[in-house]
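A.B. asks: fold the stuff below for me.
(2 chains)
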Amino acid sequence: MKHNFIDKYSNLSSPIHKINTKLKLIVFLAIAVFISLFKLENKILLIILMFLIFISQIAKIPILFLLLRMFVILPFIFLVSVSYLINKQNFSVVLNVLLKSYTVILSLLIFIQTTKFNKLINTLKNFGFPKFLLLLLSFIYRYFFVLTDEIEKLMFAVKLKQQKKVSVKIISQLLGILLLKSYNRAERINKAMLLRGWDGDL
Amino acid sequence: MNEIIIEVKNLCYKYPDGKQALKNISFEIKEGQKVALLGANGSGKTTLLFCLVGLLDYEGTIKIFEGNVKQNAKEIRKKIGFVFENPDDQLFNLTVYDDIAFSLRQQRYKEDEIRIKVNEVLKKLNLAGYENRQPYHLSYGEKKKVCLATALVNTPQILILDEPTSNLDPASSREFKELIKNIKTTQIIATHDLQLAKEVCDSIIILNNGEIFCQGDISLVNNTEILLSARLM
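C.D. replies: Got it, this is the predicted structure:
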């Protein structure tokens, strides 16, 4: 199965990729926090957005990829916009929310796409993030693909056995099987960790 | 004569659902011996291996290096390298380097020492250059080799391999066999690959329905009657 990794473009080589991860995290996080907390005019937001698009192109991240990722937040922005319009706010306020959201998302997307996941985890560890949370994150990343493979195999099995549409009953059965499989795998991983002297540290 | 390093007496194990998985298993393994643990699917091979490293709560006695596994499991495990059947169960770190370094980090080795040991084992298994690769991106054969590296980096005195050649293509299987053949340490290899047993091991233990069906010299692998009775042919 072809997987869509969250750090899909982190293996590319560009000046942005080469920047120290700690510095990158601070800069992109600072941009996101600054835009979220402070009142900024649409013109300034547009300039920042353009600047980030320029950065993304230096980092060789395809613009279409970024646009598709940014579309994910559209429904939420739509809801916020409707509530603003109902409260008789003018269109520039709605545009401001839209620009702010897209700028924040874009800055975080650039950071994630130019940083390998293991480096991100190590940097967060250096910044004192809780070990448990980081461990959980790395396991989600590591086993997400294994889980999607399992789902795909189960779906193939269903398709081969059943000609009709997949019913809710079958989906619930599949989820049950997936839960059992995940539980068994978790037990085996735990055994592997114990055998290698696991003491709760990363 | 080499001394006995693994001593198993009257080992019994029941699954949580009450089904008897292992019945009165007794055997001894000497230092440097390479033992093939043969048996059909569901005969109890993996369960026996998990008992040997103290991961399951068994009845009976298992002594490794004269230490009782039940009481000294943590210490004994440091001397054992274990390779799982499915590499996705064993490789849980984000890079090959981190996976191999995992057990050394758990033992609080310094990063410089870790780097030397990891590079050494990578070179030995023809994995140089794989350090920063993500285990998920590797082929099945490469994953298996990384699993072996995670076990060998500790220079174990006993190496346990669970179905080392299962799911491997002929070329990878051959390469893997060559690698384990050249490892001089005591080995227990659970498999139903008779060719692997013949090429690598010097003695066998055959399990059937959780019991020892027969044990002895590797030449027993040529006994068709025994193999048929143990559902290995």
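
A.B. asks: thought B:Val221 was touching B:Lys198, still the case?
C.D. replies: Yes: at 5.5 Å, B:Lys198 counts as touching B:Val221 under the criterion of CB atoms under 8 Å. All C-beta spots, glycine's among them, are computed from the backbone N, C-alpha and C.

A.B. asks: of these two, give the one with the bigger neighbour count.
C.D. replies: Comparing B:Lys198 with B:Val221 by other CB atoms under 10 Å in any protein chain shown, the one with more neighbours is B:Val221, at 19 against 14.

A.B. asks: run a quick neighbour tally on residue 54.
C.D. replies: No chain was given, so I picked chain A. The number of residues packed near A:Phe54 is 10, by other CB under 10 Å.

A.B. asks: that's the wrong chain, I meant chain B
C.D. replies: Burial measure for B:Gly54: 22 neighbouring residues, criterion other CB under 10 Å.

A.B. asks: around chain B, which positions in chain A sit nearby?
C.D. replies: By the rule CB under 8 Å from any CB of the partner chain, the part of chain A lying against chain B is A:116-118, A:121, A:138-139, A:141-143, A:145-146, A:185, A:188-189, A:191-199, A:201.

A.B. asks: okay, now the domains of chain B?
C.D. replies: Here the domain assignment for chain B is B:1-79+B:157-233, B:88-156, based on automatic domain parsing.

A.B. asks: so is the first one next to chain A?
C.D. replies: Yes: using CB under 8 Å from any CB, domain B:1-79+B:157-233 comes into contact with chain A via B:50, B:53, B:55, B:74, B:77-78.

A.B. asks: now that domain, how far from the chain's geometric center?
C.D. replies: Put simply, domain B:1-79+B:157-233 sits 8 Å off its chain's centre (CA atoms, centre = their mean, to the nearest Å).

A.B. asks: lowest-scoring secondary structure element of the chain by mean pLDDT?
C.D. replies: Assuming you mean chain A. Of all helical and strand segments in chain A, the minimum by mean pLDDT, DSSP states H and E falls on helix A:74-86, at a mean of 80.

A.B. asks: next, the buried residues of that one.
C.D. replies: With burial defined by 16 or more other CB atoms under 10 Å in any protein chain shown, the residues of helix A:74-86 counted as buried are A:77, A:81, A:84.

A.B. asks: again with stretch A:60-69
C.D. replies: Under the neighbour-count criterion of 16+ other CB under 10 Å, stretch A:60-69 has A:61, A:66, A:69 buried.

A.B. asks: what average pLDDT does stretch A:149-165 get?
C.D. replies: Over the span of stretch A:149-165, the pLDDT mean works out to 80.

A.B. asks: need the CA coordinates for it. PDB is fine.
C.D. replies: Taking C-alpha atoms only, stretch A:149-165 is exported to PDB below (Å, rounded to 0.1, in the frame of the first residue of the first chain):
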ATOM      1  CA  ASP A 149      -2.100  -1.900   6.000                       C
ATOM      2  CA  GLU A 150      -4.200  -4.100   8.300                       C
ATOM      3  CA  ILE A 151      -7.400  -2.200   7.400                       C
ATOM      4  CA  GLU A 152      -6.600  -2.500   3.700                       C
ATOM      5  CA  LYS A 153      -6.100  -6.200   4.000                       C
ATOM      6  CA  LEU A 154      -9.400  -6.600   5.900                       C
ATOM      7  CA  MET A 155     -11.200  -4.500   3.300                       C
ATOM      8  CA  PHE A 156      -9.800  -6.700   0.500                       C
ATOM      9  CA  ALA A 157     -11.000  -9.800   2.400                       C
ATOM     10  CA  VAL A 158     -14.500  -8.400   2.700                       C
ATOM     11  CA  LYS A 159     -14.600  -7.300  -1.000                       C
ATOM     12  CA  LEU A 160     -13.500 -10.800  -2.100                       C
ATOM     13  CA  LYS A 161     -16.200 -12.500   0.000                       C
ATOM     14  CA  GLN A 162     -19.100 -10.100  -0.500                       C
ATOM     15  CA  GLN A 163     -20.500  -8.700  -3.700                       C
ATOM     16  CA  LYS A 164     -23.000  -6.300  -2.000                       C
ATOM     17  CA  LYS A 165     -22.200  -3.000  -0.400                       C
END
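
A.B. asks: quick one: contacts of it?
C.D. replies: Around stretch A:149-165, the neighbours that count as contacts under CB atoms under 8 Å, 6 or more residues apart in numbering or on different chains are A:1, A:166, A:170, A:174, A:177-178, A:181-182.

A.B. asks: between the buried residues of helix A:74-86, which sits nearest chain B?
C.D. replies: When those are ranked by distance to chain B (CB to the nearest CB), A:Ile77 comes first, at 32.9 Å.

A.B. asks: hmm, that closest one is touching A:Val97, no?
C.D. replies: Yes: taking contact to mean CB under 8 Å, the distance of 6.5 Å between A:Ile77 and A:Val97 places them in contact.

A.B. asks: check which helix or strand B:Gly216 maps to.
C.D. replies: Following DSSP states H and E, one finds B:Gly216 within strand B:211-217.

A.B. asks: tell me what that strand is packed against?
C.D. replies: Counting by 3 or more CB pairs under 8 Å, 6 or more residues apart in numbering or on different chains; DSSP states H and E, the packing neighbours recorded for strand B:211-217 are strand B:20-30, strand B:203-208, helix B:224-229.

A.B. asks: buried stuff in the longest one?
C.D. replies: The reference is to strand B:20-30. Residues of strand B:20-30 classed as buried under the neighbour-count rule (16+ other CB under 10 Å) are B:21-22, B:25, B:27, B:29.

A.B. asks: do the last one as well
C.D. replies: Of the residues in helix B:224-229, those with enough neighbours to count as buried (16+ other CB under 10 Å) are B:226-227.

A.B. asks: need the contact partners of that helix.
C.D. replies: Counting by CB under 8 Å, 6+ apart, helix B:224-229 makes contact with B:194, B:206, B:208, B:213-214, B:220-221, B:233, all of which sit outside it.

A.B. asks: lowest-confidence one in those?
C.D. replies: Among those, B:Met233 carries the lowest pLDDT, at 82.

A.B. asks: state the distance from that one to A:Ile73.
C.D. replies: As judged by CB to CB, to the nearest Å, B:Met233 and A:Ile73 stand 61 Å apart.

A.B. asks: can you pull out the helices in chain A?
C.D. replies: Assignment of helices within chain A using DSSP state H yields the ranges A:15-18, A:21-37, A:42-58, A:63-71, A:74-86, A:91-113, A:117-126, A:131-161, A:168-195.

A.B. asks: worst mean pLDDT among these?
C.D. replies: Mean pLDDT values for the helices of chain A show the minimum at helix A:74-86, a mean of 80.

A.B. asks: could you check how far the spatially most distant residue from the centre of chain B is from chain A?
C.D. replies: Computed with CA atoms, centre = their mean, the residue of chain B farthest from its C-alpha average is B:Asp112, at 28.4 Å. Taken as CB to the nearest CB, to the nearest Å, the spacing of B:Asp112 relative to chain A amounts to 17 Å.
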